[in-house]
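In: Predicted model and sequence follow; I will ask about them next.
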Number of protein chains: 2
Amino acid sequence: MNNQLASKAEAIRMLQERDINPTQQRIVIAQLLFARPQHMSAEQVLMNVQDSGVHVSKATVYNTLSLFAEKGLVKEVIVDPTKVFYDSNIVPHHHFFNIDNGQLSDIDDASLQLQAMPQLPDGTQLDGVDVIIRVRGQQQAQA
Amino acid sequence: MNNQLASKAEAIRMLQERDINPTQQRIVIAQLLFARPQHMSAEQVLMNVQDSGVHVSKATVYNTLSLFAEKGLVKEVIVDPTKVFYDSNIVPHHHFFNIDNGQLSDIDDASLQLQAMPQLPDGTQLDGVDVIIRVRGQQQAQA
DNA sequence: TTAACTCTTTAGAAAGAGTCTATTTCCCAT
DNA sequence: ATGGGAAATAGACTCTTTCTAAAGAGTTAA
């Protein structure tokens, strides 16, 4: 289903750009995530990577996704109380979340803008803004 | 710390308004939640309720919070990957979430408006819109 | 080539939130 | 009082995520 990967060379380049030591496991995970812009849970990453032949442990998947998030290579999306999604599209954008089928999809950035940024609580700095539009109903599977 | 409760009469009234059978356990949980507008996790509810003398089991806390959410008495807030918060303020509003200390606070609704609602995915209906502004840094404890 | 060192990966145990199940308790109408 | 349905309970269980202690890989220095 999801078997095409980004090229190894490109994955390595992306890792090095962010000062991430390009180990075998990190390269394979990057190849998977950056095959195309998408949202994956840790479990999905684990399953897909293992299909690709390279052995990667569960702990390494979690470590690697956390590292990628910390280095800005992917973005964590918190919408489903049961698991974290990792988004390989780091261009600023927001999400639809279908509460019936758990499907997460992007909102075109142009079609959603905040009118103004409210005053932040004292002593805090902005980290990011997440807009989640929750929808119900069986949407078509994405192409 | 958090020992004042809403009155029993008021709690019963709120439950009945939403067609919820006002049992002992549900009343105590409602008294706790509606003492003031606030955000609580299931675990916090469990601990606070047990302090108040009435015995309530963990399962009942989870069942009750789900029921309250389903009936529109509270709103689930998904911001922290490790737990769900229940918000007893159901007036439409959005949230600041401090990623350093886990503190959740309300955004004055007037200060944050979306410019336009994007087109929803085919076959879906709107369920709700959540805006979360993530901040960093040690904010002062709330009064 | 080996030795020393650091960084990464690993299996499996453990933590923590939330759910489930089978049983008991509660409450009310008869 | 009693029969019945709704609610509550203890505790086992599931699932995601984190931790731990040990093994492996890669690099440099001699």
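Out: Structure's in. What do you need? Numbers count the residues shown, from 1 in each chain, chains lettered A, B, ... in the order given.

In: For residue A:131, name its beta-bridge partners.
Out: With DSSP bridges as the criterion, residue A:131 is bridged to residue B:131.

In: Now the biggest helix by length in chain A: buried residues?
Out: Looking across chain A with DSSP state H, the single longest helix is helix A:58-70. Of the residues in helix A:58-70, A:60, A:61, A:64, A:65, A:67, A:68 count as buried by neighbour count, 16 or more other Cβ atoms under 10 Å in any protein chain shown. All C-beta atoms are positioned from the backbone trio N, CA, C, and that covers glycine.

In: now do stretch A:23-31
Out: A:25, A:26, A:27, A:28, A:29, A:30, A:31.

In: Domain ranges for chain A, per the record?
Out: Per the record, chain A has its domains at A:8-85, A:91-135, by automatic domain parsing.

In: out of these, nearest to DNA strand D?
Out: Nearest to DNA strand D among these is domain A:8-85; the distance by Cβ to the nearest atom of the strand comes to 3.6 Å.

In: Determine whether any part of that closest one lies close to chain B.
Out: Yes. Judged by Cβ under 8 Å from any Cβ of the partner chain, domain A:8-85 comes into contact with chain B through A:76, A:78, A:79, A:80, A:81, A:83, A:84.

In: residue contacts, the last one?
Out: The contact partners of residue A:84, taken as Cβ atoms under 8 Å, 6 or more residues apart in numbering or on different chains, are A:41, A:42, A:76, A:77, A:78, B:81.

In: Same check on the third one?
Out: With contact set as Cβ under 8 Å, 6+ apart, residue A:79 has these partners: A:85, A:95, A:97, A:104, A:132, B:78.

In: the strands in chain A, which residues?
Out: For chain A, strands defined by DSSP state E occupy the ranges A:39-41, A:75-80, A:83-87, A:94-98, A:104-107, A:125-136.

In: Now residue A:36: closest residue in space that isn't a chain neighbour?
Out: Leaving aside its sequence neighbours, residue A:36 sits nearest to residue A:88 (Cβ to Cβ, 6 or more residues apart in numbering or on different chains; 7.7 Å).

In: for residue A:118, same thing?
Out: residue B:111 (3.8 Å).
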